[in-house]
Structures are given as C-alpha cells and as structure tokens.
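Engineer: Mind folding the following:
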Amino acid sequence: MPIKPLSDRVVIKPSEAEETRQGGIIIPDTAKEKPQQGIVVAVGPGKASDTGELIKMEVKKGDKVLYGKYSGTEVTVDKEDLLIMRESDILAIIS
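Structural biologist: Model prediction:
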C-alpha cells in the first residue's frame, strides 16, 4: 500500500454499493447511498496521550468496520477509491 496514515488515522476501502434492492429494482448511481462499511487497509501507529505515551490502535489491517455516513476524507490512490479517517470515527468492528 503506497499510503501510510499518521497518528490515529485509518485508511479504509469502502464496500461496494448494492446494485439491486429487494424485488429486483436497479438503483441508478446517482441515487445510491454511500456505503457505511469497509475493510481497513492501513493503520497509523496510534495517538500520543497527554503524558506522551502512545495509545495503540484498536483496529488492525483486514478488519471489517462500520463508520459514520459522512466520516472521513475521500482520496484516490492507484485508481482505487479510499477513505482516510480518525479511529474515533469508526463506530464498530464487524465480526
């Protein structure tokens, strides 16, 4: 991965938006909702506390996560759409 996040930031590859809904109706690209889950592809080292200690990250590469609808910054790296966000913007790890 040519991108390495700093501090408590995480790089996520969003899941693909669903093409069809129940009943077989096809949703056009402009009407699709942004996915709210994805796979962690890179993790920063962690955040420094007020005392200077490194607080380790709870998520790790390969975790499937759930995040807020408008969380993160969208970037394109090697023709791949990714999100960069703080670990605190991640709502849950999906098992």
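Engineer: residues contacting Leu82?
Structural biologist: By Cβ atoms under 8 Å, 6 or more residues apart in numbering, the contact list for Leu82 reads 3, 11-14, 41, 74-76. C-beta here means a position set from N, CA and C on the backbone, and glycine is covered the same way.
Engineer: which residue is nearest the centroid of the protein?
Structural biologist: The residue lying closest to the centre of the chain (Cα atoms, centre = their mean) is Ile12, at 3.1 Å.
Engineer: Now that residue. Its backbone dihedrals?
Structural biologist: Taking degrees, to the nearest 10, you get phi -130, psi 140 for the backbone angles of Ile12.
Engineer: doesn't Glu80 make contact with it?
Structural biologist: No: with contact defined as Cβ atoms under 8 Å, Ile12 and Glu80 do not form a contacting pair (11.4 Å).
Engineer: how near is the nearest residue to Val75 once chain neighbours are set aside to Lys47?
Structural biologist: Using Cβ to Cβ, 6 or more residues apart in numbering and skipping residues adjacent in sequence, the residue nearest Val75 is Leu82, 5.4 Å away. Applying Cβ to Cβ, to the nearest Å, one obtains 21 Å for the distance of Leu82 from Lys47.
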